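1. Can you look at this prediction? I've put the sequence above it.
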Amino acid sequence: MANPFVIFALLHPRRMLPPAIKPVMGKSGKEYFLKVIMEIKFKIWLEKDGHALFGEGRDQLLKAIDECHGLYGAAKQLKMSYRAAWGKIKLTEERIGKKIVEVGDDKKMHLTKDARMLLAEFEKLEKDVDAFIQVRRSPFIVLKDPLPKSDEKK
């Protein structure tokens with residue numbers, strides 16, 4: 001979901017570099033080695049009157065219901081009680097004023113059009129915020145001093 005917020009630390013000889021760390025040439029032509037030591041993290045949820053409407057947990061629950069075609073299977077998959085899962089569904093429906101699940105003629109639970117729209121919009125919002133973070137993280141990148149060359153004395 002969130003991509004690395006990059007504060008870089010100076011590393012020593014190239015042969016000691018872990019595979020995820022890449023050398024970068026600085027403006028002066030000197031080689032820098034970069035290591036991610038911190039990340040920007042974010043969570044998004046929707047609230048109404050200070051009460052949660054939708055967030056990562058309900059997103060996962062709806063996706064599990066869609067996959068399992070039932071609340072029992074979805075709750076089991078997410079390692080939560082049936083009662084807790086049912087409570088989250090009912091609370092969300094009450095707060096948004098629309099049904100988000102329905103039982104079809106096949107006796108399976110299905111997401112409503114409103115639920116699918118909510119899932120799609122929430123996913124788009126998360127992607128938009130993640131893209132914004134990717135653009136805004138660049139001012140936080142700090143490069144340390146270049147590595148001393150192996151033939152130079154400290």
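-> Cool, the structure landed. Residues are numbered from 1 along each chain as shown.
2. Beta-bridge partners for Glu102, please?
-> His110 (DSSP bridges).
3. That one: how many residues sit nearby?
-> When neighbours are defined as other C-beta atoms under 10 Å, Glu102 has 11 of them. No exception for glycine: its C-beta is placed from N, CA and C like everyone else's.
4. Same check on the one 5 residues further on?
-> Burial of Lys107 is recorded as 8 neighbouring residues (other C-beta under 10 Å).
5. Any buried residues in the longest helix along the chain, and which?
-> Scanning the chain for the longest helix, with DSSP state H as the assignment, gives helix 113-136. Neighbour-count burial for helix 113-136 flags Ala115, Leu118, Leu119, Phe122, Glu126, Ile133 (criterion: 16 or more other C-beta atoms under 10 Å).
6. For these, work out which two are farthest apart.
-> Spatial extent of the buried residues of helix 113-136 (C-beta to C-beta) is set by the pair Ala115 and Ile133 at 27.0 Å.
7. quick one, helices of this structure?
-> Using DSSP H, helices in the chain cover 56-68, 71-77, 82-96, 113-136.
8. Outline the domain layout of the chain.
-> For the chain, automatic domain parsing gives the domain ranges 1-40+141-154, 46-134.
9. Least reliable of those by average pLDDT, please.
-> Lowest mean pLDDT within these: domain 1-40+141-154, a mean of 51.
10. Against Gly73, how distant is Lys41?
-> Distance check for Lys41 against Gly73: by C-beta to C-beta, to the nearest Å, it reads 30 Å.
11. Comparing the two, which residue is more hemmed in?
-> Between Lys41 and Gly73, counted using other C-beta under 10 Å, Gly73 has the larger neighbour count: 16 against 9.
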